[in-house]
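In: Have a look; sequence and predicted model below, questions after that.
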Amino acid sequence: MATIDLNLPAGVRWTAWESPVAQARGLAAQVAEQLRAALAERGHALLAVSGGRSPVAFLEALSGEALDWSRVSVTLADERWVPESHPDSNAGLVRRHLLKGAAANALFCGLYHAAASLDEAAAIADRQIGELPLPIDVLVLGMGDDGHTASLFPASPGLPEALDPASARRCLPAWAPSVPRQRLTLSRALLAASRVQLLAIQGDGKLATLKAALAADDEQRMPVRAFLRAPLSIHWCP
Ligand SMILES: O=C1O[C@H](COP(=O)(O)O)[C@@H](O)[C@H](O)[C@H]1O
């Protein structure tokens, strides 16, 4: 594979996998290893994963990893404000592709709540996330073609607060440019405190977005920029 010159910030690690299958398996093995380390160190482990279209093969591979899943808690970096039965639900995706077999023993804490408003749903999720064994041990982020990560979308109302590194909020309402527009996102402050931070992306389009984010000077325009620093490891495949 040709060398890719990205001029990454100090401490940001880069792995180019040869294929989506190799990426899914390799990433799952690394995540499992980090979860085992957290279990050995803390007695429990907290994993936050992303949704969307990309992570299916990774979630499938991770569900087959030998782990004491009964001591692992799983949450989401973000969610669409739709019930779990909806095809766009990130919780539904995680239940179908990760929480099966031995991995069904993990405690799952989703972000969706059928509240009267998105604000109220975010407040409920904020409280529930606060009951998890924070910080997040392993975070797996994805990235959209517009430079969003989690549901930190460019120009979303409330983005400055969601990206505020000093914010005490754990979960906030967010708005996407595409349907379902109403979202819930963990805050940058909470996500960036994760012990292990991984960004998994696929294809030349997302590589171009990553390059644009690295070159941009504004997190509001390219929210993924907020995470392009140590200890992030970026995992890409063509
Ligand atoms: O809407 C979302 O988009 C991003 C990227 O998703 P993908 O479909 O391009 O893989 C994802 O990381 C996020 O969790 C999701 O809610």
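Out: The structure has been received and is ready for your questions. Values in this document were obtained by computation on a predicted structure and should not be read as measured data. Numbering: from 1, shown residues only.

In: Determine the longest helix present in this structure.
Out: Longest helix in the chain by number of residues (criterion: DSSP state H): helix 20-42.

In: Just the residues contacting it, thanks.
Out: 15, 17, 44-47, 57-58, 60-62, 64-68, 71-72, 133, 137-138, 140, 195-196, 198, 200, 202, 235-237 (Cβ atoms under 8 Å, 6 or more residues apart in numbering). For every residue, glycine as well, the C-beta is placed using N, CA and C.

In: in it, what's buried?
Out: Buried residues in helix 20-42, defined by neighbour count with 16 or more other Cβ atoms under 10 Å: 20, 23-28, 30-32, 34-36, 38-39.

In: what's the next secondary structure element after that helix?
Out: Going down the chain from helix 20-42, the next helix or strand is strand 45-49, by DSSP states H and E.

In: Now the helix or strand just after that next one: average pLDDT?
Out: As assigned by DSSP H and E, the chain's next helix or strand after strand 45-49 is helix 56-63. Averaging pLDDT along helix 56-63 yields 98.

In: Next: stretch 196-211.
Out: The model assigns stretch 196-211 a mean pLDDT of 98.

In: Now do that stretch: everything it contacts.
Out: 4, 6, 20, 23, 27, 30-31, 34, 50, 54-55, 58, 137-147, 149, 191, 224, 227, 231-238.

In: Can you give me the buried ones in that stretch?
Out: Residues of stretch 196-211 classed as buried: V196, Q197, L198, L199, A200, I201, Q202, K206, L207, T209, L210 (neighbour count, 16+ other Cβ under 10 Å).

In: next one: stretch 7-17
Out: Here stretch 7-17 shows L8, V12, A16, W17 as buried, counting by 16+ other Cβ under 10 Å.

In: where does the protein have low pLDDT?
Out: Residue ranges of the chain with pLDDT under 70: 2.

In: Flag every residue of it that's near the ligand.
Out: Where the chain comes near the ligand, counting by Cβ under 6 Å from any ligand atom, the residues are S50, G51, G52, R53, S54, A77, D78, N90, G142, M143, G144, S151.

In: related to what we said a few turns ago, closest one to the ligand out of the buried residues of helix 20-42, please.
Out: Proximity of the buried residues of helix 20-42 to the ligand was ranked by Cβ to the nearest ligand atom; the top entry is P20 with 11.7 Å.

In: Return the distance of stretch 72-84 from the chain's centre.
Out: For stretch 72-84, the separation from the chain centroid amounts to 10 Å (computed by Cα atoms, centre = their mean, to the nearest Å).

In: One more: stretch 133-145?
Out: Counting by Cα atoms, centre = their mean, stretch 133-145 comes out at 4 Å from the chain centroid.

In: End to end on that stretch, go ahead and measure it.
Out: Using Cα to Cα, to the nearest Å, the end-to-end distance of stretch 133-145 comes to 32 Å.

In: let's have the chain start at 11 instead
Out: I'll keep to 11 as the first residue from here, and by that count the last item is stretch 143-155.
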